[in-house]
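In: My questions are about this predicted structure, shown below with the sequence.
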Amino acid sequence: MKILNKFSYLVLVFVASVFLLSCGSDEEIEKTEQELFTINISDTWSAKTVVVDNIAIEGFDNFTLTVGDGTYSTTNGNGLWPASGSWSFSNSGITSITRDDAIVMSVNLIDDNNLEISFTYDLSGGRVAGVNDNFVFSLTAL
């Protein structure tokens, strides 16, 4: 009987140990608003429309923007978008980002498939004379 009690005690200790070890924290580390936003915009996007100063313009039919965690790449940026670069949030929110060429952009994730990016582009450096306009890129996920 003593052996059975010792055995029962050992089994009880073993079961309790397994139970306590399995009760570790299952909580995921919560992501910040910026991390979640980055995940949501990380995709390849194509231009639906491009508007400059409230007028739709042509020339961006084959434009694509691929967004990653602090990086981007483009095709057919037509001088407004470098082929690749980096970006960071401009403030503690998620509505403003700054490209590595110092262009500040407003970003609006409309839904999982639609993104709107607006910015003022100043080409006073001489590449294209007289262009200092407000651009709005309406993009759709590919």
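Out: Looks like it came in fine.

In: going forward, measure contacts and count neighbours with C-alpha atoms only.
Out: OK.

In: Okay, and the residue most central in space within the chain sits in which element?
Out: With distances taken as CA atoms, centre = their mean, the residue of the chain nearest its centroid is T38 (2.1 Å). Using DSSP states H and E, the element containing T38 is helix 33-41.

In: Any chance you could list what contacts the helix or strand that that helix is followed by?
Out: Proceeding N to C from helix 33-41, the next assigned helix or strand is strand 44-52, under DSSP H and E. Residues external to strand 44-52 that are found in contact with it (CA atoms under 8 Å, 6 or more residues apart in numbering): 56-58, 60-67, 133-142.

In: and what of stretch 86-101?
Out: With CA under 8 Å, 6+ apart, stretch 86-101 has contacts from E33, Q34, F37, G70, T71, Y72, G85, V104, M105, S106, V107, N108.

In: burial count for Y121?
Out: Using other CA atoms under 10 Å, Y121 is surrounded by 15 other residues.

In: before we move on, the earlier item: look up how far D61 lies from the residue nearest to the centre of the chain.
Out: 25 Å (CA to CA, to the nearest Å).

In: again, but for I29
Out: Distance of I29 to D61, computed by CA to CA: 41 Å.

In: Looking at those two, which is more packed in?
Out: More crowded of I29 and D61, by other CA under 10 Å: D61, with 12 against 6.

In: And that one, how close does it get to T75?
Out: According to CA to CA, D61 and T75 sit 11 Å apart.

In: so how many other residues sit close to the closest residue to F37 other than its chain neighbours?
Out: Closest residue in space to F37, ignoring its immediate chain neighbours: I94 at 6.9 Å, by CA to CA, 6 or more residues apart in numbering. A count of nearby residues for I94, using other CA under 10 Å, gives 19.

In: Could you measure from I94 over to F60?
Out: 26 Å.

In: Check V50 too.
Out: Distance, V50 to F60, using CA to CA: 7 Å.

In: quick one: which of those two has more around it?
Out: Under the criterion of other CA under 10 Å, the comparison of V50 against F60 puts V50 first, with 21 against 17.
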